[in-house]
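1. sequence and computational prediction follow.
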There are 2 protein chains.
Amino acid sequence: MKTILILGAGLSASSLIRYFLENAEENNWQIRVCDRDIELVKSKLNNHPNGVALSFNALEPEQRRPEIEKADIVVSMLPARFHIGVAEDCIDLKTNLITPSYISPEMKALDQAAKDAGIVIMNEIGVDPGLDHMSAMNVIDAIKEKGGNLVTFESFTGGLIAPESDNNPWNYKLTWNPRNVVLAGQGGAAKFIQEGKYKYIPYNRLFRRTEIISIEGYGDFEGYANRNSLSYRDTYGLQGIPTIYRGTLRRKGFSKAWNIFVQLGATDDTYVLENSKNMSKREFINSFLPYHPTDSVELKLRHQMKIDQDDIIYDKLVWLGIFEDDVLSFEKDVTPAQFLQKIIEEKWVLDSGDKDMLVMWHKFEYELKGKKYLVTSHMINIGEDQVYTSMSNTVGLPAAISGKMILNGKIKVKGVTLPIKKEIYEPILEELNQYGIHFIEKEVEI
Amino acid sequence: MKTILILGAGLSASSLIRYFLENAEENNWQIRVCDRDIELVKSKLNNHPNGVALSFNALEPEQRRPEIEKADIVVSMLPARFHIGVAEDCIDLKTNLITPSYISPEMKALDQAAKDAGIVIMNEIGVDPGLDHMSAMNVIDAIKEKGGNLVTFESFTGGLIAPESDNNPWNYKLTWNPRNVVLAGQGGAAKFIQEGKYKYIPYNRLFRRTEIISIEGYGDFEGYANRNSLSYRDTYGLQGIPTIYRGTLRRKGFSKAWNIFVQLGATDDTYVLENSKNMSKREFINSFLPYHPTDSVELKLRHQMKIDQDDIIYDKLVWLGIFEDDVLSFEKDVTPAQFLQKIIEEKWVLDSGDKDMLVMWHKFEYELKGKKYLVTSHMINIGEDQVYTSMSNTVGLPAAISGKMILNGKIKVKGVTLPIKKEIYEPILEELNQYGIHFIEKEVEI
């Protein structure tokens, strides 16, 4: 019997746990799941005979090491910053490890030690990063195999609301970490290459420099640039490619309205607003507008931001309740970003029965024998419910399948790695098809 | 004979050194001036019998300590971060110290030690900070003395070009550190209070939220908010004041044009531009604009920034040469801010004979016996030439006069301090009148 240890049983672990349980008997696995909330673990294990609920403090080496030692593989669903400590224990105790997170420089530095220990530390095997790598490399490798010369690679991913649950003017609800939504795009200019030229977009222009993407049957989306597209050149072996661009998808029109908050300074997380502990939404917005003894907050905002009264942007802002007088209560004064987060959490909330939707869209252009071709590859996936969301499925299933492959010896690579090799991504993409996660590729000559 | 040690003989020390030399014989002073450039020191001392030129490394305690020990007072014109080491030596060797810089938390922590050593460490005694404190407290104390209740305090300072030398469309030339001009306003939202409400302006709105100020005989200026106006409440004893606002002055129209660089992301100092070592000004601007196979950089900029072809902003940008193909050469790749600095350094340069101008403008509103009054206080000062600039005079003379007052016992206070007490600022403001640095105060009932 092989032992799988899962650290963390939160939202993103639901589908991962279910996959392991469903395949436990056939593969003779024991699934040990640890979370500080033991009831959460029990609800996810659902009395499965191969499941064991645990509730130790996974952040304490003394508490987790005996469990890691027992296991054949560990899946860390902890916040990304805790992976490194788990990885060091895994190397020490010669236990394989999976994390869905980006490879940090500290993690990368463990490569040789992991190889020496004879283990694999598989990272970036969720949805983004994860499915994006696998689905992109699937096309890139095919183009390279037939001798094509890739000249353009663009890739967009978005965690959105399913069309059947899309009933607000923003066409957006919170299906993932709301703090990340508020802080999206901060921390430095977005960088990419277009036609061989380096291009930079500062935060204050990010939501005005969007690209429109139409997907048949699903309508229009828009993408804004991710912070750094350039690092993917090396990861994907695309050194010298003239155009590389990665971005985040929203429904068309979202960014132009969100940009109002960016311009106001309402997404700033670097300072605390005085007296914000008991501030109304209206006062919050007014703190970013000039003082006037009689002009309304509404007019000042429209004037400062040059929003016509009949602009749909204005309807979106009103719908969010930003001009309302009700007070949001916090335990202590908060940053503008924290205040704004609470405003959106009240409104962009999932109704009962609402489902989420993951959208991924890649565009490739390549040259072959004097002709030029355009390939698009996209995936649209809708969640089952609010436990087995699309986010949970697309993060958890790739990680779980890779776990199976490591345990049954199909993945032989050792060291700190990510799923960009064909022998890894091909079987994973194939199995994901059975779960309704599939990519539609189209190619035309241009 | 008393000994004055001046560390640093750069641009801002010219008037300071001249003042001490002119008053040396009468007061029986020896003026010892140290700079790594001994020729610079000699040129400023001009063979004065009471002057001694030195050239040790003032950043090395072993080299400066014997000189500090010899001195009755030290004036540190070193970059602000080096004051603290000098201050520690001064405490140790019981020598008074003057710096024109803001009191850092580290400096503040030395207060008791300085008192125990029986010395004064006088800070913030240049122009801004310095003259701003003194001229504002002069009005504030007068209002308080007659029982008035101050409700508004606004204060603006700008280092500009004199009207007779003002011959470019920006009405601006570099009369001070160009790096500070490029980075102005960065590092966090501007904060102030208006009518009892806290107000915040993010960097991307800073140059659009200006206030117009007209000064009789000198025309229109505009002020943009400084980063933190609130700290002055405590310094000036204005706790509870409904409106407090501090800002930086430019000629009207400057900010709207400068804002184009802010919006583009061209003032960003947080990352290095790829291939910028040998990049043309045109390529630099294009790196912040979308790719297009045929549209010109000019049109893309006008379109993105919504600048009409006949807008004066556009003339300003063209005048700066930003669309030109000439390559700016750097030793290595630079940040956008560093690249932009080189562009402005080429154009906003002082011609021979050009003079600078310091402008300071305060506005006060107070209530007394049921009536409301408006007081303005302003200073306009024009430099003598490019050595004895207005910046040098307004920084150096207050510091020098305070030095005289410390040496002759008129300033009795000990510890780490700044010039906000009447017994300090009043004689300094009075003596500054003789040097053409004077404030014009006006009061009206409103």
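-> All right, it came through fine. Numbering: from 1, shown residues only, chains lettered A, B, ... in the order given.
2. tell me which element the residue lying closest to residue A:197 once chain neighbours are set aside is part of?
-> Leaving aside its sequence neighbours, residue A:197 sits nearest to residue B:291 (CB to CB, 6 or more residues apart in numbering or on different chains; 6.3 Å). Backbone N, C-alpha and C define where each C-beta goes, glycine included. Using DSSP states H and E, residue B:291 falls within no helix or strand.
3. same check, this time on residue A:213
-> Applying DSSP H and E as the criterion places residue A:213 in strand A:211-215.
4. same deal with residue A:429?
-> helix A:422-433.
5. may I see the buried residues of the least confident helix or strand in chain A by mean pLDDT?
-> Within chain A, no helix or strand scores below helix A:231-235, which has a mean of 89 by mean pLDDT, DSSP states H and E. Buried residues in helix A:231-235, counting neighbours by 16 or more other CB atoms under 10 Å in any protein chain shown, are found at residue A:232.
6. against which helices or strands is it packed?
-> Using 3 or more CB pairs under 8 Å, 6 or more residues apart in numbering or on different chains; DSSP states H and E, the elements in contact with helix A:231-235 are strand A:243-251.
7. who does the strand holding residue A:213 pair up with?
-> Looking at strand A:211-215 with DSSP bridges, its partner strands are strand A:219-225 (antiparallel).
8. please identify the buried residues of the partner strand?
-> So strand A:219-225, judged by 16+ other CB under 10 Å, has buried residues A:221-225.
9. likewise stretch A:423-440?
-> A:424-425, A:427-429, A:431-432, A:437, A:439.
10. now whatever residue of the stretch 101-250 of chain A ends up closest to chain B: closest residue in space that isn't a chain neighbour?
-> Using CB to the nearest CB, the closest approach of the stretch 101-250 of chain A to chain B is made by residue A:202 at 3.1 Å. Closest residue in space to residue A:202, ignoring its immediate chain neighbours: residue B:265 at 3.1 Å, by CB to CB, 6+ apart.
11. surely that neighbour and residue A:206 touch.
-> No: using CB atoms under 8 Å, residue B:265 is not in contact with residue A:206; the gap is 9.8 Å.
12. which one's more surrounded, these two?
-> Remark: of residue B:265 and residue A:206, residue A:206 carries more neighbours, 25 against 21, as counted by other CB atoms under 10 Å in any protein chain shown.
13. list the residues that contact the residue nearest the centre of chain A.
-> The C-alpha lying nearest the average C-alpha coordinate of chain A belongs to residue A:128 (CA atoms, centre = their mean; 4.8 Å). Neighbouring residues of residue A:128 by CB atoms under 8 Å, 6 or more residues apart in numbering or on different chains: A:157, A:360.
14. do you know how far it is from residue A:375?
-> 20 Å (CB to CB, to the nearest Å).
15. now swap in residue A:353 and tell me
-> Per CB to CB, residue A:353 is found 37 Å from residue A:375.
16. give me the more crowded residue out of these two.
-> Between residue A:353 and residue A:375, residue A:375 has the larger neighbour count (other CB under 10 Å), namely 21 against 9.
17. picking up where we left off before, so what pLDDT did the residue of the stretch 101-250 of chain A closest to chain B get?
-> pLDDT, residue A:202: 97.
18. got it, and residue A:136?
-> Note for residue A:136: predicted pLDDT of 97.
19. helix/strand/coil for it?
-> Assigned by DSSP: H, G, I helix; E, B strand; the rest coil, the conformation of residue A:136 is helix.
20. chain center to the one helix or strand residue A:343 maps to, what's the gap?
-> Using DSSP H and E, residue A:343 sits in helix A:336-347. Helix A:336-347 has its C-alpha centroid displaced from the chain centroid by 20 Å (CA atoms, centre = their mean, to the nearest Å).
21. against which helices or strands is that helix packed?
-> Using 3+ CB pairs under 8 Å, 6+ apart, helix A:336-347 is in contact with helix A:178-183, helix A:281-286, strand A:327-329.
22. and with 6 Å instead?
-> Helix A:336-347 sits against helix A:178-183, with contacts defined as 3 or more CB pairs under 6 Å, 6 or more residues apart in numbering or on different chains; DSSP states H and E.
23. and the contacts of the biggest helix by length in chain A?
-> Determined from DSSP state H, the single longest helix within chain A is helix A:390-407. The contact list for helix A:390-407 (CB atoms under 6 Å, 6 or more residues apart in numbering or on different chains) reads A:2, A:12, A:14-16, A:19-20, A:73, A:96, A:98, A:100, A:120, A:122, A:125-127, A:130-131, A:159, A:175-176, A:356-358, A:381-383, A:411, A:428, A:431-432, A:435.
24. any quick PyMOL command for the buried ones out of those?
-> Per 16+ other CB under 10 Å, the buried members of the contacts of helix A:390-407 correspond to this PyMOL selection:
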select buried, chain A and resi 2+12+14+15+16+19+20+73+96+98+100+120+122+125+126+127+130+131+159+175+176+356+357+358+381+382+383+411+428+431+432
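25. which ones among the contacts of helix A:390-407 also lie next to chain B?
-> Among the contacts of helix A:390-407, no residue is within reach of chain B (CB under 6 Å from any CB of the partner chain).
26. using CSV, lay out the buried residues of strand A:219-225 together with pLDDT.
-> Below are the buried residues of strand A:219-225 laid out as CSV (pLDDT from 0 to 100):
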residue, pLDDT
A:221, 98
A:222, 97
A:223, 97
A:224, 97
A:225, 96
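27. the buried residues of stretch A:423-440 into a markdown table, with extra columns for pLDDT?
-> What follows is those, written out as a markdown table (pLDDT from 0 to 100):
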| residue | pLDDT |
| --- | --- |
| A:424 | 97 |
| A:425 | 98 |
| A:427 | 98 |
| A:428 | 98 |
| A:429 | 98 |
| A:431 | 98 |
| A:432 | 98 |
| A:437 | 97 |
| A:439 | 97 |
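28. I'd like the residues you listed written out as a markdown table, with distance to residue B:166 added.
-> A markdown table is the format used below for these (distance: CB to CB, whole Å):
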| residue | distance to residue B:166 |
| --- | --- |
| A:424 | 67 |
| A:425 | 65 |
| A:427 | 72 |
| A:428 | 68 |
| A:429 | 67 |
| A:431 | 73 |
| A:432 | 68 |
| A:437 | 66 |
| A:439 | 63 |
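29. pick the one among these closest to chain B.
-> Taking CB to the nearest CB as the measure, chain B lies nearest residue A:439 of these, at 27.1 Å.
30. so the closest one touches residue A:134, yeah?
-> No: judged on CB atoms under 6 Å, residue A:439 makes no contact with residue A:134 at a distance of 9.2 Å.
31. what's the domain layout of chain A?
-> A:2-123, A:272-334 (automatic domain parsing).
32. quick one on the thing from earlier: now do the same for the residue nearest to the centre of chain A: its pLDDT.
-> 93.
33. cool, and residue A:230?
-> As predicted, residue A:230 sits at a pLDDT of 88.
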